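Asks: 3D, please:
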Amino acid sequence: MRILLTGASGFVGSALLPRLLEQGHDVRALARNPVRVRRALDYLADVGTAEVGPGDFELIVGDTLTGAGVLRAMRDADVAYYLIHSMEPAASGEPFPARERISAQTFANAARAARVQRIVYLGGPRAFSAHLASRYEVERILLAAVPDSVALRASVVIGARSRSFRFLVRLIERLRVLALPAWRRFRIQPIDERDIVEMLLACANGPAVSGHSLDAAGPDVLSYGEIVRRIAELMMLARPSVGLGVTLTPIAGRLAAALAGESPELVLPLMEGLTGDLLPVGEDPAEILGVTLHSFDAAVEHALHEWEKVEELAAR
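Replies: Below is the predicted model:
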């Protein structure tokens, strides 16, 4: 199959690329910055995951926000992966939900014009915040354009390059006592990066998922407080925790971002979505697509082990 892959410089997209090639697909990637794509693939080689050379796939420089290169990249594609999601501030000051809609609509229009058979989208659960609402709006736009498309909705993906996972690890490293706001009680089912990649791979031609939006989740139901404690234990760090009765997201989010060396534009929208459980509903895509899931502990151990191949971690 001819595959168009966006997000090839991101941690999920770059992990999916070698798996698509292994399956014999003809892959074309659309990216704004070829250097970032090359760095992502060099990382995979450095950690021993995969060796992908520039001659193994076609790379087109383009941008779904401006439309540059999108129609060219979409030409003759059977399946188009939409793995784009940026919460970084724009130079224009335009909020990210507006940019998300423009990007998705540009991509959807090009896919329709090119008669793409299926769009595969990785988004987030339907819930609570502007961040998550924007992901659902992108999902709606894409599936309306190409009815045979499929959306996977994942809450937290555990991987060495996942910014949300790295944010938690850095906090645990740098705080001697973990102050956990009221949202620590809310439950979630994080999923291993390897499992979401296998699901995305199977979505390319799986007939059973046609036209579906499916909640992709790992096998373990954990509260946010339990997630933090389990990561600390797997890092072999003793970190007592203190439960707070309030959230204080605007203050706590900026403080946590500063402590972890992360952007507030990432942390604040994530924390604003922590207003209730984010548990999957409906059909299980792992069962439909034949993917065997890794446990939460296995996912964290794998992510930490990969991380340590390129960077030292505290107490490991």
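Asks: tell me which helix or strand R161 sits in.
Replies: Using DSSP states H and E, R161 is not contained in any helix or strand.
Asks: what of V120?
Replies: With DSSP H and E as the criterion, the answer for V120 is strand 118-123.
Asks: ok, residues contacting that strand?
Replies: Strand 118-123 is contacted from outside by 12, 78-83, 85, 107-108, 111, 135-136, 138-139, 142-143, 145-146, 148-154, 196, 200, 203-205, 210, using CB atoms under 8 Å, 6 or more residues apart in numbering. Backbone N, C-alpha and C define where each C-beta goes, glycine included.
Asks: try it again at 6 Å.
Replies: 79-83, 111, 135, 139, 142, 146, 148-153, 203 (CB atoms under 6 Å, 6 or more residues apart in numbering).
Asks: which of those residues count as buried?
Replies: Buried subset of the contacts of strand 118-123 (neighbour count, 16 or more other CB atoms under 10 Å): 79-83, 111, 135, 139, 142, 146, 149-153, 203.
Asks: all strands for the stretch 51-200 of the chain, in order.
Replies: In the stretch 51-200 of the chain, the segments counted as strands under DSSP state E, counting those that start in this stretch are 58-61, 79-82, 118-123, 150-154, 157-158, 178-180, 187-188, 191-192.
Asks: run through who's touching the fourth one.
Replies: I take that to be strand 150-154. Residues beyond strand 150-154 that count as contacts (CB under 6 Å, 6+ apart) turn out to be 120-125, 139, 191, 196, 199, 203, 209, 212-216.
Asks: can you do 7 Å?
Replies: 118, 120-125, 139, 143, 191, 196, 199-200, 203, 209-210, 212-216, 285 (CB atoms under 7 Å, 6 or more residues apart in numbering).
Asks: if we can go back for a sec, E306 is nearest to which of the strands of the stretch 51-200 of the chain?
Replies: Closest to E306 of the strands of the stretch 51-200 of the chain, according to CB to CB: strand 157-158, at 10.8 Å.
Asks: for that closest one, name the packing helices and strands.
Replies: Helices and strands touching strand 157-158, as assessed by 3 or more CB pairs under 7 Å, 6 or more residues apart in numbering; DSSP states H and E, comprise strand 191-192, helix 193-202, helix 296-308.
Asks: I'd like the next helix or strand past the second one.
Replies: The helix or strand immediately downstream of helix 193-202 is strand 213-216, counting by DSSP H and E.
Asks: correct me, but G7 touches S103?
Replies: No. Using CB atoms under 7 Å, G7 is not in contact with S103; the gap is 11.2 Å.
Asks: shared neighbours, these two?
Replies: Counting by CB under 7 Å, 6+ apart, the residues touching both G7 and S103 are I84.
Asks: pLDDT score for the closest residue in space to I191 that isn't next to it in sequence?
Replies: Closest residue in space to I191, ignoring its immediate chain neighbours: G218 at 4.2 Å, by CB to CB, 6 or more residues apart in numbering. Note for G218: predicted pLDDT of 97.
Asks: same question, I172
Replies: 89.
Asks: what's the helix or strand for the residue lying closest to it once chain neighbours are set aside?
Replies: Nearest residue to I172 in three dimensions, chain neighbours excluded: A232, at 4.9 Å (CB to CB, 6+ apart). Per DSSP H and E: A232 is located in helix 224-234.
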